[in-house]
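Trainee: Fold the following for me, if possible:
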Amino acid sequence: MEYKEILSSLQDGLAVITLNREARKNALNSRMRAEITHAMQLAAAEARAVVLTGAGDAFCSGQDLSDASSAGSLDLERTLRDEYLPMLQAIYDCPVPVLAAVNGAAAGAGANLALAADVVIASESAFFMQAFTKIGLMPDAGGTWFLPRQIGLAKAMGAALFADRISAQQASDWGMIWEAVPDSEFDSHWRARAAYLAQGPSKAFAATKSALRESFGRDLAEQLSVEAHLQGQCGKTRDFLEGVTAFMEKRPAKFEGR
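Mentor: This next block holds a predicted model:
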């Protein structure tokens, strides 16, 4: 697929997918959703870590309401099922770590696009907003699933009903995102974090993602059993041998990756 609405690169195991509709604050249209889905599927097969970020001063302003295909005739149910679901599933199900580098406004579906990632790092000037009720809609794009799990029902309900701006620092304090970073340090910081993930033990990262996410549906005994099984698999990898050897030799580990 030839990309028109995003930029995609792969270097040293790190895939960077940049939403690139700067004039529209990186608002999502049908083609952009298809391109993100495609790029994520490629990254899942080829990369060791993925970054989602935005061009310009916004991460993503949500659904492009000015798009001709998004006018009153838009079938919201079809769009969510046929376009948003595959995109969000491609992000959430990616076997390697996915980092959202939120460089600015993340509103509506744009906020929930970021929250689908494993880790969210935001610049201090960025904000998150469940803007849906301002135009007579309810949160979608996974917002009703991500928010209560990340910040609890009370705050999720307030964020959804009032549609207030939530600053990056407040989002970090609430546990909605991993961290808020000063704007002057943001670019170098997320790149360093992303490089760490791209150079890390991919199989251990995949096992970690699986165990943490699925723990909500298990009791302690079940989770301990899953941990034992997954850890047994990790213990048979070359990455484990390299990690222990590097520790004993007091040097940085050089993980094999995928």
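Trainee: So the closest residue to residue 86 other than its chain neighbours versus residue 3, what's the distance?
Mentor: Nearest residue to residue 86, sequence neighbours excluded (C-beta to C-beta, 6 or more residues apart in numbering): residue 37, at 5.0 Å. Backbone N, C-alpha and C define where each C-beta goes, glycine included. Plainly put, residue 37 is 12 Å away from residue 3 if you go by C-beta to C-beta, to the nearest Å.
Trainee: ok, now residue 225?
Mentor: Taking C-beta to C-beta, one finds residue 225 at 43 Å from residue 3.
Trainee: What of residue 44?
Mentor: From residue 44 across to residue 3, the span is 17 Å (C-beta to C-beta).
Trainee: mind listing the strands for this structure?
Mentor: Along the chain, counting by DSSP state E, strands occupy 6-11, 14-19, 49-54, 58-60, 98-102, 105-107, 119-123, 127-129, 165-167, 179-181.
Trainee: one step back: who has more neighbours out of residue 225 and residue 3?
Mentor: residue 3 (17 against 11; other C-beta atoms under 10 Å).
Trainee: Now do the contacts for the spatially closest residue to that one that is not a sequence neighbour.
Mentor: Leaving aside its sequence neighbours, residue 3 sits nearest to residue 35 (C-beta to C-beta, 6+ apart; 5.0 Å). Contact analysis of residue 35 by C-beta atoms under 8 Å, 6 or more residues apart in numbering lists 1, 3-6.
Trainee: let's go with 6 Å and repeat that
Mentor: Taking C-beta atoms under 6 Å, 6 or more residues apart in numbering, we find residue 35 in contact with 3, 5-6.
Trainee: Could I get the pLDDT score of it?
Mentor: With respect to pLDDT, residue 35 scores 98.
Trainee: How many neighbouring residues does residue 151 have?
Mentor: For residue 151, the neighbour count with other C-beta under 10 Å is 20.
Trainee: close enough to count as contact, it and residue 176?
Mentor: Yes. Between residue 151 and residue 176 there is a contact at 5.2 Å, judged by C-beta atoms under 6 Å.
Trainee: Look up phi and psi at the residue nearest the centre of the chain.
Mentor: Geometric centre of the chain, nearest residue: residue 117, 1.7 Å, by C-alpha atoms, centre = their mean. The phi and psi values for residue 117, taken as degrees, to the nearest 10, are phi -70, psi 160.
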